[in-house]
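Visitor: Predicted structure and sequence below. I'll ask about it afterward.
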Amino acid sequence: MVTHARPAGPSRLTADEFGVLYRHLRSRTAWAAGPRGALTALTPARVLAATREVRTGRTVTLAAPVETLSGPDNPEPAEHRMSGQPAEDTSSGLHFARDSFAMNVHGDADSHIDALCHVIYDGTLHGGVPSISVTAGGATRLSIETARDGIVGRGVLLDIPRLRGVPWLEPGDHVTVDDLAAAESAQNLRVAEGDLLFVRVGHRRRRAELGPWDAAHERAGLHPYALEFLADRRVAALGGDGNNDTAPSSTEDVGFPVHVLAIHAMGLHLLDYLQFEYLAPVCETEGRWTFLCVIAPLRLPDATGSPVNPIAVL
């Protein structure tokens with residue numbers, strides 16, 4: 001295992017410093033200001049090139065099982081209800097088992113993808129779309145329907161606990177620009193334009209070994225300045241095994257600075273609370289951390305996000 005000393009904790013951002021960073025990143029990613037946001041980097045040529053990542057044909061899920069039990073990080077668990085019971089005697093004839101689901105898409109337990117309409121900041125959505133486009137009936141613009149044809153490209157997993165020689169990052173810890181660059185070097189790869197970037201902090205392993213906790217208030221994630229790395233590489237989407245944002249927040253008066261920067265300023269679809277504990281060992285064994293990735297949100301035309309089960313194909 002490659003080890004990397006934990007960097008000194010980055011300083012908190014004042015509201016003014018965050019404003020400067022926001023404007024800087026928005027300017028640098030002006031190419032992604034349209035309704036598809038950074039998905040415009042996923043050109044047909046890049047999708048085709050990503051298929052060359054497939055060498056063994058092995059498929060691995062990047063999602064966690066949907067949680068139906070209440071817990072400290074899941075006060076509104078998904079509801080799974082059997083909506084139709086088979087008749088007592090099923091020995092002959094045709095019968096159906098039926099069920100229904102309900103879910104808080106943006107909770108702190110289930111794997112999901114955020115649409116570009118998810119973040120409202122200073123009265124607008126991404127690209128300056130007025131916030132009034134999100135109504136009581138749903139989002140009329142920038143909904144998850146933007147990704148209805150799927151998000152397919154080269155996936156890249158950067159494993160920060162592996163880099164630091166620890167099983168996971170503790171809640172409140174930050175992934176920095178230096179971490180991302182060092183992980184890239186340690187894993188012998190380079191994040192490129194149009195990549196789907198996944199950053200492991202070990203949230204799921206910690207949860208599995210120590211039990212769930214109140215992740216809404218304590219979790220590891222990216223420091224806002226880490227978004228400079230993503231702007232440099234012009235990535236198409238960002239996913240994490242936590243919320244992507246650190247808690248407590250590093251930024252004065254902004255509870256979710258990475259969400260604001262990634263979704264609102266840069267046009268990045270975010271994937272939260274994924275599961276990398278299946279994928280990371282496969283990447284380690286095969287000695288490569290890139291793969292074809294297929295992300296297929298549900299067709300929810302007016303929704304601000306969707307449950308999701310991304311698939312890595314190696």
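Guide: Looks like it came in fine. Residues are numbered from 1 along each chain as shown.
Visitor: what about the closest residue to Thr29 other than its chain neighbours, neighbour count?
Guide: Nearest residue to Thr29 in three dimensions, chain neighbours excluded: Met266, at 4.4 Å (CB to CB, 6 or more residues apart in numbering). For every residue, glycine as well, the C-beta is placed using N, CA and C. For Met266, the number of neighbouring residues by other CB atoms under 10 Å comes to 25.
Visitor: any low-confidence regions in the stretch 51-200 of the chain?
Guide: 86-87 (pLDDT under 70).
Visitor: cutoff 80 now
Guide: 84-89 (pLDDT under 80).
Visitor: Spell out the residue ranges of the helices in it.
Guide: 160-164, 177-186 (DSSP state H, counting those that start in this stretch).
Visitor: in the last one, what counts as buried?
Guide: The neighbour-count check on helix 177-186 (16 or more other CB atoms under 10 Å) flags Val177, Asp179, Leu180, Ala181, Ala182, Ala183, Glu184, Ala186 as buried.
Visitor: just checking, the first one touches Phe229?
Guide: Think Val177. Yes. In this structure, Val177 is within contact of Phe229 by CB atoms under 8 Å, at 5.0 Å.
Visitor: Need the residues touching each of those two.
Guide: By CB atoms under 8 Å, 6 or more residues apart in numbering, Val177 and Phe229 have no common neighbours.
Visitor: Now Ile151. Nearest residue, chain neighbours left out?
Guide: That would be Ile295: by CB to CB, 6+ apart, it lies 4.0 Å from Ile151.
Visitor: mind checking how far the one you found is from Asn188?
Guide: Ile295 sits at a distance of 25 Å from Asn188 (criterion: CB to CB, to the nearest Å).
Visitor: Next, find the distance separating the residue of the chain most remote from its centre from Thr43.
Guide: What lies farthest from the middle of the chain is Ser92; by CA atoms, centre = their mean that is 46.6 Å. Separation of Ser92 from Thr43 (CB to CB) stands at 56 Å.
Visitor: got it, and Pro224?
Guide: With CB to CB as the criterion, Pro224 and Thr43 are 28 Å apart.
Visitor: quick one, which of these two is more surrounded?
Guide: Pro224 (26 against 13).
Visitor: For the more buried one, which non-adjacent residue is spatially closest?
Guide: With CB to CB, 6+ apart, the residue lying closest to Pro224 is Pro257, at 4.4 Å.
Visitor: Could you report the neighbour count for the one you found?
Guide: 25.
Visitor: Ile295 and Asn188: which has the busier surroundings?
Guide: Ile295 (23 against 9).
Visitor: what does the model give the more buried one for pLDDT?
Guide: Looking at Ile295, its pLDDT reads 98.
Visitor: Confirm for me that it is in contact with Ala147.
Guide: Yes. The criterion here is CB under 8 Å, and Ile295 meets it with Ala147 at 7.5 Å.
Visitor: circling back to that earlier point, mind listing what the residue nearest to Pro224 touches?
Guide: Leu13, Phe18, Pro224, Asp245, Ser249, Ser250, Thr251.
Visitor: now swap in Phe229 and tell me
Guide: Val177, Leu180, Ala181, Val191.
Visitor: any chance of the residues you listed in JSON lines, plus distance to Leu270?
Guide: Below are these laid out as JSON lines (distance: CB to CB, whole Å):
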{"residue": "Val177", "distance to Leu270": "18"}
{"residue": "Leu180", "distance to Leu270": "16"}
{"residue": "Ala181", "distance to Leu270": "21"}
{"residue": "Val191", "distance to Leu270": "16"}
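Visitor: What is the nearest of those to Thr68?
Guide: When the contacts of Phe229 are compared for distance to Thr68 (CB to CB), Leu180 wins out at 34.5 Å.
Visitor: Let me see the ranges of the strands in the stretch 51-200 of the chain.
Guide: 59-61, 79-84, 98-102, 112-114, 134-135, 138-139, 151-159, 174-175, 196-200 (DSSP state E, counting those that start in this stretch).
Visitor: Among the helices of the stretch 51-200 of the chain, single out whichever gets nearest to Gly153.
Guide: Of those, nearest to Gly153 by CB to CB is helix 177-186, at 17.2 Å.
Visitor: hmm, who's touching that closest one?
Guide: Contacts of helix 177-186 (CB under 8 Å, 6+ apart): 2, 4, 7, 158-160, 162-164, 190-191, 199, 223, 225-226, 228-229.
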